[in-house]
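> missing the sequence, but the structure's below:
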DNA sequence: TATGAATGAGTTTTCATTCAT
DNA sequence: GATGAATGAAAACTCATTCAT
């Protein structure tokens, strides 16, 4: 019989890769790099640990890939706010909703893990350092400024306000199970007037 | 040389124990259980790794001890609020100030680590489960209720408000370097009227 | 498409086998058994690693086969000297030339690898032990004796002379790149008179 | 009781190190890097494999150290010839004797392994490349030139003669068990007049 | 016949823990 | 009480081999 068609093989490969990536996000975000054993990822993906290495050279490479994805996703979802129509407050509400969405927890957890764990691969550290809190502040500042000018956002140093707000959002998402994720309006009370 | 007096030995013992505990808090809170090597604690304490085992049977025992201390400290500092004079808002401000104090970061980190890491000793897990968010909510609820009755705290489900507030405080303290710790008033805006 | 004729399949089979064998000789002789991955042989042969297993059951089987070939070739080329006309010295010169021929390096390397490596399959070890230095000495001795009788070869214990000579030839061929392969006459000075 | 005195500890450390090094020379020289398992070295040294890592960071570091030692020893033993009194032929005879000494086999084997194996650590490769055959030829050339001028050594291109001679010596030492190590005079016949 | 996805045994390396001194 | 040499269990990673297609 002839070997599998290239297309079919590609499909299998892509599926497996995605399967492993999803498993890895789940495990890494919960346990960090050191706490995550490749066998856990394999088990989570329902495959042998050897196969993980068929698709990803090392644990580090896999982790770094996820970090890159997490950063790209979070940055682009912030930059995407500019395309959205609505008042500054509407945009911030949208962002807040997005961040507080349970589905996005792993991204914050991953970045958190990369920030705190030991044994974070050089390249992942590099990415993290390239996008510190300030990078997010810079991208959110214009929206907050507009809000302040419109009188919708409290007076005060803008960098401080944005930094605080993004920090408490990040904090809440990092806590994980056992804590409460507040409603959007609860968080926004820190920055809105009235 | 004559042998050291028993009292002197006791003193050395206590000093060493405290030395190790402080070192352990520092390292565990930053790196978690798995990320912390006994040799790191020893190095931080300036002693040989062998000596740590003279004072603490295992890494798990040491970690569990710290968790116990962290929980006790945080619970008692909340319970202590009742002895303080002042309005409900004053008490909450005091608590907030206390929690946001950099000095107390390690306690939150430790509890966080115990909540998230793998390889957390059974006994530590037990302690953590014995004092979940709800335990803190229960103890804070009376104060918040008074505040609500006095019209100083926003309307709404009290458990939710207290849970949210304690969660965002915890979140911020867990983030660590690279993020902003907001001022007390910034946090309190989530719960105060006007 | 009509199925390939049986004959054509046979031809493909034989070609592939030979292709793999040549690739295996090249890689095994350079890297030894342990150092050789089946994937290297496959890559060298320009086929998939799975296909190697269609032609050879295991790595061990393949290696053993090569060892067998190497031994048979070297033994028969020595035995072939008897069919050659010429003086003893001429025959030894011919043998020396043959051994020092770069093309024959892999055979010596293979036997060397089989002698030294770990993880040499039982059967290959058996073959190697069946044809030790002594087997070569035995076959060369008559020629050297004739040479000694004719005064062309130095006096002395014949087994020793033959053993020495074959050993230094083997040694030189095993060294590989980075060393000099001497001219025939340089080697022969060890055994010839004048 | 007081801890071991620093001196005693030093003694233990030095002994163990030496013990491991000797074991490693033995195993590495016979089986090469890939073929050598750290557990083999540990077993040969009669210690646990963990202890090997107490003294040497990695297998690569250990191997590289041995290579360095082997190169240094062989270079210095050649350079030492200049301090020796005697005719050029005497010096070469001394060198030959030294090289053919069974005790020195491991050095040649190690360098051989480093030249041929896969997975040779970068630093070891560097050392090997720094001291190719030419480095030895350069150091031996003056002696051979003197010998040629004195009519004790055959006519011909000196580099060629020295390279050939050092190569056949190296080759013989690499063969290991199963082959004959010739007498000094047998080897020297390749280069001496008469 | 041909391919490469998939598995798991085996190896390197780390580190909690023990123990002689 | 104090040290650090020593052990061994556990985890990352490699690769021979199998097998569905």
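All right, it came through fine. Quick caveat: nothing in here was measured; it's all calculated off a predicted structure. Numbers count the residues shown, from 1 in each chain, chains lettered A, B, ... in the order given.

> Only C-alpha atoms from now on, for both contacts and neighbour counts.
Will do.

> which residues does residue A:134 contact?
Residues near residue A:134 by Cα atoms under 8 Å, 6 or more residues apart in numbering or on different chains: residue A:163.

> State the distance from it to residue D:124.
45 Å (Cα to Cα, to the nearest Å).

> swap in residue A:161?
56 Å.

> Show the low-confidence segments of chain A, by residue range.
Segments of chain A classed as low confidence (criterion: pLDDT under 70) are A:1-5.

> swap the cut-off to 50 and go again
In the predicted model of chain A, residues A:1 satisfy pLDDT under 50.

> domains for it, by residue range?
Following automatic domain parsing, one finds the domains of chain A at A:1-56, A:58-194.

> The longest one near DNA strand F anywhere?
Yes. Judged by Cα under 7 Å from any atom of the strand, domain A:58-194 comes into contact with DNA strand F at A:58-60.

> Secondary structure element holding the residue lying closest to residue A:155 once chain neighbours are set aside?
With Cα to Cα, 6 or more residues apart in numbering or on different chains as the criterion, residue A:155 has its nearest non-adjacent residue at 6.7 Å, and that residue is residue A:148. Per DSSP states H and E, residue A:148 falls inside helix A:133-149.

> what packs against the lengthiest helix in chain A?
The residue-count maximum for a helix in chain A (DSSP state H) belongs to helix A:6-35. The contact analysis (3 or more Cα pairs under 8 Å, 6 or more residues apart in numbering or on different chains; DSSP states H and E) places helix A:6-35 against helix A:38-45, helix A:59-79, helix A:105-116, helix B:6-35.

> wait, which of those helices is closest to residue C:110?
Distance to residue C:110, taken as Cα to Cα, is lowest for helix A:59-79 among those, at 37.2 Å.

> Following the chain past that closest one, name the next helix or strand.
Counting by DSSP H and E, what follows helix A:59-79 is helix A:88-100.

> Between helix A:59-79 and that next one, find me the angle.
160 degrees (axes from the mean of the first three to the mean of the last three Cα atoms, to 10 degrees).

> Is helix A:88-100 in proximity to chain B?
No. Interface with chain B: helix A:88-100 contributes nothing (Cα under 8 Å from any Cα of the partner chain), its closest point being 12.1 Å away.

> buried ones in that helix?
A:88-89, A:91-96, A:98-100 (16 or more other Cα atoms under 10 Å in any protein chain shown).

> What residues does chain A have near chain B?
For chain A, the contact set with chain B under Cα under 8 Å from any Cα comprises A:30-32, A:34-35, A:112, A:116-118, A:132-133, A:163-164, A:167-175, A:178-182, A:186-191, A:194.

> Verify the assumption that residue A:151 is located in a helix.
No. The assignment for residue A:151 is coil, going by DSSP: H, G, I helix; E, B strand; the rest coil, so no helix is present there.

> in terms of contact count, name the helices or strands touching the helix or strand that residue A:127 is a member of.
Residue A:127 belongs to helix A:122-130 when assigned by DSSP H and E. Under the contact criterion of 3+ Cα pairs under 8 Å, 6+ apart, helix A:122-130 touches helix A:59-79, helix A:105-116.

> Of all those helices, which one is nearest chain C?
Nearest to chain C among the helices and strands packed on helix A:122-130 is helix A:59-79; the distance by Cα to the nearest Cα comes to 22.8 Å.

> for the closest one, packing partners?
Looks like helix A:59-79 contacts helix A:6-35, helix A:105-116, helix A:122-130, helix A:133-149 (3+ Cα pairs under 8 Å, 6+ apart).

> got CSV for the ones you listed, with distance to residue B:26 too?
Below are those laid out as CSV (distance: least, Cα to Cα, whole Å):
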stretch, distance to residue B:26
helix A:6-35, 18
helix A:105-116, 13
helix A:122-130, 22
helix A:133-149, 24
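
> So which of these is the most surrounded?
When the helices and strands packed on helix A:59-79 are scored by mean count of other Cα atoms under 10 Å in any protein chain shown, the highest mean neighbour count falls to helix A:105-116 (a mean of 22).

> could you check the angle helix B:6-35 makes with it?
130 degrees.

> Which strands and helices lie in contact with helix A:105-116?
Counting by 3+ Cα pairs under 8 Å, 6+ apart, helix A:105-116 packs on helix A:6-35, helix A:59-79, helix A:122-130, helix A:158-175.

> ok now the shortest one, how far from the chain's centre?
Going back to what we said before, that points to helix A:122-130. 14 Å (Cα atoms, centre = their mean, to the nearest Å).

> between that helix and helix A:133-149, how big is the angle?
20 degrees.

> quick one: contacts of helix A:122-130?
Outside helix A:122-130, the residues touching it (Cα under 8 Å, 6+ apart) are A:63-64, A:67-68, A:71, A:111, A:114-115.

> can those residues go into TSV with extra columns for distance to residue B:40?
Formatted as TSV, the contacts of helix A:122-130 follow (distance: Cα to Cα, whole Å):
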residue	distance to residue B:40
A:63	25
A:64	26
A:67	27
A:68	30
A:71	31
A:111	24
A:114	20
A:115	19
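
> what's the closest of the residues you listed to residue B:104?
Distance to residue B:104, by Cα to Cα, is smallest for residue A:115 among the contacts of helix A:122-130, at 19.8 Å.

> Residues contacting stretch A:100-119, please?
Residues from elsewhere that reach stretch A:100-119 (Cα under 8 Å, 6+ apart): A:25-26, A:28-30, A:32-34, A:66-67, A:70-71, A:74, A:98-99, A:120, A:124-125, A:128, A:169-170, A:173-174, A:176, A:181, A:184, B:30-31, B:35, B:175.

> distance between the ends of it?
With Cα to Cα as the measure, the first residue of stretch A:100-119 is 28 Å from its last.

> Run the chain-centre distance for it.
Mean-position distance between stretch A:100-119 and its chain equals 6 Å (Cα atoms, centre = their mean).

> That stretch and DNA strand E, are they touching?
No. Stretch A:100-119 stays clear of DNA strand E (Cα under 7 Å from any atom of the strand), getting no nearer than 8.7 Å.

> repeat for stretch A:60-76
No. Stretch A:60-76 lies out of reach of DNA strand E by Cα under 7 Å from any atom of the strand, never closer than 14.2 Å.

> Can you give me the buried ones in that stretch?
Buried residues in stretch A:60-76, counted by 16+ other Cα under 10 Å: A:60, A:62-64, A:66-68, A:70-71, A:74.
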